[in-house]
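Asker: have a look at this prediction, sequence included:
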Amino acid sequence: MQFSNVVGQEGLKAKLCNSVQNKRVAHAQMFVGPVGSGPLPLALAFAQYLACTDRTPTDSCGKCDSCIKYAKLEHPDLQLIFPKNKTQKIDSGTYSSKDFVTEWRKSILTNPYIDLNSWLKELGIEKKQGLINVDDSREILQNLSYKAYQAEYRVVLIWLAENMNAASANKILKILEEPPTRTVFLLVASDTENMLQTILSRVQIHRLERLKETEIAQALASNQEDLERSKRLASIADGDLNLAKQLLLDDTEITNAIGFFIRWMRACFTVNLEALQDLTDEFQSLGREQQKALLSRSSSILRKVLTYRALPESKDKLLKEELEFVHKFSQFINENNAADMLTALNEASYHIERNANARIAFTDLSFQLSEKVLSEAIR
Ligand SMILES: [Zn+2]
């Protein structure tokens, strides 16, 4: 992947290229931003740039031997680490990213903006948690004990590093601080909140901005989509290219999430315990990543309600399934209770990430949301 294939993020691209021109490449760097803003493609383009033998001041050449290998993510000096879990095919006691690398390459080459939930779905394990385990770290250490194969820089790329468990993170702390010469660690994360401080203190952090609507529309349109539809999807996706791409292919998951949130808020508002019970069952039956995705979609709809309240013309950004609900619900939502509700949703997601009981977390969250919505309705 070249920088020219990465949507937007022009400031960061220039900064990264300069670091190479000035020979000031930090040995551990972390790209932080929601998946839809493209931290992975940016890290991959940078890795390719580092290894390119004929780079220009602004991009890799795309033609040299190294670039050709990078284009397939098959460069021998690129080690790929990412979350996964046991599957039907691979269910031995020890397993690492290496066992899944063929599938990962295929997914990333199809859509470098893919999110964790979609990736786990491709492995057929969407109900499990994606993990980076101690066997991955063992392989990093082993791999780095050999000489670099051919490139000027050797890269260890860790996608969604927040999924490293403590054992895995602790095992690479030392080498992250002092890697062998010409070895660069590129970590990719969607946020730094759940990341160990010991990792954070050892990396140079690059924060990605949300993509602009025009950038997303252009990226979709260059895929031969008609411009009007691209613009509309870009507007709905709110800076998330992955979401825009998903909507383009199949919007069932999004539609389901919207339907769930609407039923949920109705049940909270009417304190309908029976309905809440059904929703809790439904929530519990999902995999952990799906639960987190659902909470994140819920936050996004809530933010849309808030925006709609302040700027009714933002209704152009709403999906037809959201329109009526957002309009009605906006009477009961204001800056105060929305902030509390968003915090509650965030916290629930955090607890689910950390193996909290989904039933308890969801029930607790429902009561908190119910209280916040009603407090405004009564006023
Ligand atoms: Zn090249």
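Answerer: Sure, I can see it.

Asker: now do the strand or helix carrying Val188: everything it contacts.
Answerer: Per DSSP states H and E: Val188 is located in strand 183-189. Strand 183-189 is contacted from outside by 25-32, 39-40, 43, 46-47, 50, 144, 148, 153-162, 176, 179, 195, 199, 203, using Cβ atoms under 8 Å, 6 or more residues apart in numbering. Using the backbone N, CA and C atoms, a C-beta is placed for each residue, glycine as well.

Asker: just the buried ones from the residues you listed?
Answerer: 27-32, 39-40, 43, 46-47, 50, 144, 148, 153-162, 176, 179, 195, 199, 203 (16 or more other Cβ atoms under 10 Å).

Asker: helices - which of the residues you listed land there?
Answerer: If you go by DSSP state H, these have Pro39, Leu40, Ala43, Phe46, Ala47, Leu50, Leu144, Leu176, Ile199 in helices.

Asker: thinking the fourth one is in contact with Leu16, fair?
Answerer: By that I understand Phe46. Yes - in this structure, Phe46 is within contact of Leu16 by Cβ atoms under 8 Å, at 5.0 Å.

Asker: assign Phe261 to helix, strand or coil.
Answerer: Following DSSP: H, G, I helix; E, B strand; the rest coil, the label given to Phe261 is helix.

Asker: got the contact list for it?
Answerer: Counting by Cβ under 8 Å, 6+ apart, Phe261 has contacts Leu294, Arg297, Ser298, Ile301.

Asker: what does Gln218 give?
Answerer: Here Gln218 is in contact with Val7, Ser230 (criterion: Cβ under 8 Å, 6+ apart).

Asker: now Ala47
Answerer: With Cβ under 8 Å, 6+ apart, Ala47 has these contacts: Tyr70, Leu78, Tyr153, Val155, Leu157, Val184, Leu186.

Asker: show the pLDDT at it.
Answerer: On pLDDT, Ala47 comes in at 97.

Asker: relative to the ion, how far out is it?
Answerer: Counting by Cβ to the ion, to the nearest Å, the gap from Ala47 to the ion is 12 Å.

Asker: and what of Leu374?
Answerer: Relative to the ion, and taking Cβ to the ion, Leu374 is found at 60 Å.

Asker: right, and that residue touches Phe269 too?
Answerer: Yes - counting by Cβ under 8 Å, Leu374 sits close enough to Phe269 to count as a contact (7.0 Å).

Asker: give me the low-pLDDT residue ranges for the protein?
Answerer: Applying pLDDT under 70 to the chain flags the ranges 223-225, 377-379.

Asker: may I see the domains of it written out as residue ranges?
Answerer: 3-207, 212-250, 251-378 (automatic domain parsing).

Asker: start and end of the longest one, how far apart?
Answerer: Its first and final residues considered, domain 3-207 spans 16 Å by Cα to Cα, to the nearest Å.

Asker: can you tell me the element the residue of the stretch 251-379 of the chain found nearest the ion falls in?
Answerer: Residue nearest to the ion within the stretch 251-379 of the chain: Glu289 (35.5 Å; Cβ to the ion). Using DSSP H and E, Glu289 sits within helix 288-310.

Asker: so which bits of that helix are buried?
Answerer: 288-302, 304-309.

Asker: for the residue in the stretch 151-300 of the chain positioned nearest to the ion, what are its contacts?
Answerer: Using Cβ to the ion, Ala151 is the residue of the stretch 151-300 of the chain that sits closest to the ion, at 10.3 Å. Contact analysis of Ala151 by Cβ under 8 Å, 6+ apart lists Leu50, Ala51, Ser66, His75, Asp77.

Asker: for it, which three-state class applies?
Answerer: Judged by three-state DSSP, the three-state class of Ala151 is coil.

Asker: who in this structure is up against the ion?
Answerer: Residues of the chain lying close to the ion by Cβ under 5 Å from the ion are Cys52, Asp54, Ser60, Cys61, Cys64, Cys67.

Asker: could you redo the last one with a cut-off of 6 Å?
Answerer: Within the chain, the positions adjacent to the ion are Cys52, Thr53, Asp54, Ser60, Cys61, Lys63, Cys64, Ser66, Cys67 by Cβ under 6 Å from the ion.

Asker: which of the residues you listed tops the neighbour count?
Answerer: Of all the residues of the chain next to the ion, the most densely surrounded is Ser60 (27 neighbours; neighbours counted as other Cβ atoms under 10 Å).

Asker: skipping adjacent residues, who's closest to it in space?
Answerer: The shortest distance from Ser60 to any non-neighbouring residue, by Cβ to Cβ, 6 or more residues apart in numbering, is to Cys52 (3.7 Å).
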